[in-house]
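> sequence? don't have it. structure:
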C-alpha cells in the first residue's frame, strides 16, 4: 500500500461521493478515515474538518462561484 496519500485528494473524493453519488457525508468521511487509518492524526483531523466545513457551506460556495463564473455550478 502506498503511504504517500494526499489528504486533499481524499477530500475531493469525499465531496464527490456526497455530491454526485448521494452518499451521506458522515458515512463518506468515516469510510475514508477507516480506509486510511495509517494517516497521521493531523492529516486525519484536517481531512475531517475541511470535508465537514465544505459540505456545511456548500450552498454559500455555490452562490459565490455562480457570481464569478461563466459556467454555472449546476453544470
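Perfect, I can see it now. Bear in mind that the values here come from a model prediction, so they are computed numbers and not experimental data. Numbers count the residues shown, from 1 in each chain.
> report the longest helix in this structure, please.
Using DSSP state H to define each element, the chain has its longest helix at helix 41-56.
> Just name whatever secondary elements it is in contact with.
If contacts are counted by 3 or more Cβ pairs under 8 Å, 6 or more residues apart in numbering; DSSP states H and E, helix 41-56 sits against helix 7-19, helix 25-35. Using the backbone N, CA and C atoms, a C-beta is placed for each residue, glycine as well.
> Contacts made by the helix or strand just after it with the rest, please.
Later in the chain than helix 41-56, the nearest helix or strand by DSSP states H and E is helix 58-68. Helix 58-68 is contacted by residues 19, 54, 72, 73 when judged by Cβ atoms under 8 Å, 6 or more residues apart in numbering.
> quick one: which of those residues is most hemmed in?
Among the contacts of helix 58-68, residue 54 has the most neighbours (other Cβ atoms under 10 Å), with 17 neighbours.
> how about the nearest residue to it, chain neighbours excluded?
Closest residue to residue 54 apart from its sequence neighbours, by Cβ to Cβ, 6 or more residues apart in numbering: residue 15 at 6.1 Å.
> Serialize the contacts of helix 58-68 to CSV and add fields for distance to residue 38 and pLDDT.
CSV is the format used below for these (distance: Cβ to Cβ, whole Å; pLDDT from 0 to 100):
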residue, distance to residue 38, pLDDT
19, 27, 92
54, 24, 96
72, 39, 78
73, 35, 74
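> ok, and what's touching stretch 27-46?
1, 3, 5, 7, 10, 13-14, 17-18, 47-48, 51-52.
> and it, which residues are buried?
28, 29, 32, 33, 36, 39, 43, 44, 46 (16 or more other Cβ atoms under 10 Å).
> which of the contacts of helix 58-68 sit farthest apart?
Maximum pairwise distance among the contacts of helix 58-68 (Cβ to Cβ): 18.9 Å, between 54 and 72.
> thinking again about what came up before, make CSV out of the helices and strands packed on helix 41-56 and add distance to residue 64.
Output for these, formatted as CSV (distance: least, Cβ to Cβ, whole Å):
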stretch, distance to residue 64
helix 7-19, 16
helix 25-35, 20
